[in-house]
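this is a predicted model, with the sequence first.
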Amino acid sequence: MFQFSNELKMMTLNLDIIQSIAFTTAVLLIGSFIKSKISILNKYCIPSPVVGGFSFAVIAFILRQTGIITIVFDTTLQNILMTAFFTTVGFTASMKVLKKGGTQVIKFLIISVILILAQNIVGVFSAKLIGVDPLLGLVSSSVSMTGGHGASGAFGPLLEANGLKGALSIAMACATFGLVSGSIIGGPLANRLVQKHNLQPEEIEVKEELVSTNVNEEVSYNEISIGKLSESKLTSSIIQIIIAMGLGTIVSGLFSYIGITMPSYIGSMIVAAIMRNISDAKGIHNVSSNELECIGSICLSLFLSMAMCSLKLWELVDLAIPILILLTLQTLLMILFAYFVTFNVMGKDYTAAVLAAGHCGFGLGATPNGIANMESVTSKYGPAPNAFFILPLVGALFIEFINSAVITTFMNLL
């Protein structure tokens, strides 16, 4: 039931666990409606949970600042949904699929990892140079850039627990900035590369073994068809997720016991990845990609909606200028990295130029933004089929694992 209390001369509305999930689900639906009516939100691939949740967060900010009311959510389900989503990510970490991608996929994965390291190094040292908490530099780096809203929602509370006030709100704001800026810079950068080097599309054999791209926190924002679902496979997938989550708590507990700080979902991701590769090697049990993808997408949408509704925007006011400085540096890093590293490493050809555009969207926001960037380039200059195989495959496999590991390492060092 609703509980009202008088706190700081302001009414506080406390929502219980059921009311919280019902409220945030309604906000998610409102976000979908708003997105369908405003074309620019579709253009920049802004997720519906972010649209609805951030809109409510602004309203909640106004209500609090004017002394009308403060709304408090029960976030118990938020943690469960987060763990469930990242567990489904773990089930996509197939070494068998990665090997089938070929050397170009391996190369793009390697440079994506290098970008993650560069983002965090630049972020942390830039924060120190301007005299703010290094954790602020970390949260504006690969947490919110390569990690997007999913990693922001996961690591935000952990960073707050380690002393960065308002970390969740900061991370979500940075992730939204990344989505927009990554979408803006990709097309012009590729256009410059194509014209400067006089690049032309080539006849390239397209890889046949495309895998689903809707498997990490970024790609799941896409509204795509996942085909007909099987009730038995859906039940089996839910059971596998629950088992991985349960065993994952033991793994996470062991990490905590030896003094390693990391998000609670990491253990579940590791267990899920082990289960997936056992399935690939031995065939003891089947991993159903469609069903896992569907479950993961639902969990991510609800998790993000609840996380966005819980944002405390008033905690961002004093940090606005430092955050803008750090985000500007991250954008410049992405431009230089895509132009000089991605393009050159991936072959200096037309496909490499298209991938450079995609990497801008992928490295600052989400895989759908990267794909949108590549589509804008190919619609003007011609097809680059292998680019549309390489980028989603890297986003679908190990990048979330690696980003989480790198962020965890930096947190423990700081």
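Structure's in. What do you need?

not counting stretch 404-414 itself, show me its contacts.
113, 116-117, 120, 124, 134-135, 138, 142-143, 147, 151, 154-155, 158-159, 162, 260-263, 266, 269 (C-beta atoms under 8 Å, 6 or more residues apart in numbering). Quick note: C-beta positions are derived from backbone N, CA and C, even for glycine.

let me fix that: stretch 254-265
For stretch 254-265, using C-beta under 8 Å, 6+ apart, the contacting residues are 79, 82-83, 86-87, 154-155, 158, 162, 248-249, 252, 266-267, 404, 408, 411-412.

rerun that using 7 Å as the cut-off
Outside stretch 254-265, the residues that touch it by C-beta atoms under 7 Å, 6 or more residues apart in numbering are 79, 82-83, 86, 154-155, 158, 252, 267, 404, 408, 411-412.

flag the shaky bits of this structure, pLDDT-wise.
Applying pLDDT under 70 to the chain flags the ranges 1-10, 43-46, 101, 202-227, 261-263, 368, 396-397.

next, name the residue at the spatial heart of it.
residue 148 (3.2 Å; C-alpha atoms, centre = their mean).

for that one, give its distance to residue 303.
13 Å (C-beta to C-beta, to the nearest Å).

now do residue 403
17 Å.

which parts of the protein are strands?
For the chain, strands defined by DSSP state E occupy the ranges 3-7, 10-14, 69-72.

hmm, back to that, which of the contacts of stretch 404-414 count as buried?
113, 116, 120, 124, 134-135, 138, 142-143, 147, 151, 154-155, 158-159, 162, 262-263, 266, 269 (16 or more other C-beta atoms under 10 Å).

follow-up on the earlier one: overlap of the contact sets of residue 148 and residue 303?
Listed as contacting both residue 148 and residue 303 by C-beta under 7 Å, 6+ apart is no residue at all.

neighbours of the closest residue to residue 160 other than its chain neighbours, just the number please.
Spatial nearest neighbour of residue 160, excluding adjacent residues (C-beta to C-beta, 6 or more residues apart in numbering): residue 167 at 4.3 Å. Neighbours of residue 167 under the rule other C-beta atoms under 10 Å: 25.

show the contacting residues for residue 167.
Residues near residue 167 by C-beta under 7 Å, 6+ apart: 139, 156, 159, 160.

from those, which is closest to residue 191?
Nearest to residue 191 out of the contacts of residue 167 is residue 139 (C-beta to C-beta; 31.8 Å).

related to what we said a few turns ago, and the gap between the residue nearest to the centre of the chain and residue 72?
26 Å.

cool, residue 119 as well?
33 Å.

equivalent analysis for residue 336, please.
Counting by C-beta to C-beta, the gap from residue 336 to residue 72 is 43 Å.

follow-up on the earlier one: which of the contacts of stretch 254-265 are buried?
Neighbour counting by 16+ other C-beta under 10 Å classes 79, 82, 83, 86, 154, 155, 158, 252, 267, 404, 408, 411 among these as buried.

check contacts around the first one.
The contact partners of residue 79, by C-beta under 7 Å, 6+ apart, come to residue 264.

quick one: it and residue 333, what's the gap?
Taking C-beta to C-beta, one finds residue 79 at 32 Å from residue 333.

that older thread, tell me the one of the buried ones among the contacts of stretch 254-265 nearest residue 53?
residue 82 (14.2 Å).

the closest one touches residue 153, doesn't it?
Yes. The pair residue 82 / residue 153 is scored as a contact, 6.4 Å apart, by C-beta atoms under 7 Å.

list the residues that contact both of these two?
Counting by C-beta under 7 Å, 6+ apart, the residues touching both residue 82 and residue 153 are residue 303.

now for the residue lying closest to residue 395 once chain neighbours are set aside, how many residues are close by?
Leaving out its chain neighbours, the residue that sits closest to residue 395 by C-beta to C-beta, 6+ apart is residue 367, at 3.8 Å. Counted with other C-beta under 10 Å, residues neighbouring residue 367 total 29.

go on, the one 3 residues further on?
Using other C-beta under 10 Å as the criterion, residue 370 is surrounded by 31 other residues.

quick check: it vs residue 15, distance?
Relative to residue 15, and taking C-beta to C-beta, residue 370 is found at 36 Å.

kindly report the same for residue 268.
27 Å.

compare neighbour counts for those two and give me the winner.
With neighbours defined as other C-beta under 10 Å, residue 268 and residue 15 compare such that residue 268 has more, 30 against 19.

quick one: residues contacting the nearest residue to that one once chain neighbours are set aside.
Spatial nearest neighbour of residue 268, chain neighbours left out: residue 248 (2.9 Å); criterion: C-beta to C-beta, 6+ apart. By C-beta under 7 Å, 6+ apart, residue 248 lies in contact with 87, 267, 268, 270, 271.

do that again at 6 Å, thanks
267, 268, 271 (C-beta atoms under 6 Å, 6 or more residues apart in numbering).

filter these down to just the ones in helices.
Of those, the ones assigned to helices by DSSP state H are 267, 268, 271.

in the stretch 1-150 of the chain, which spans are helices?
Taking DSSP state H, counting those that start in this stretch to define them, one finds helices in the stretch 1-150 of the chain at 17-37, 39-43, 48-65, 76-90, 95-100, 103-129, 134-139, 148-161.
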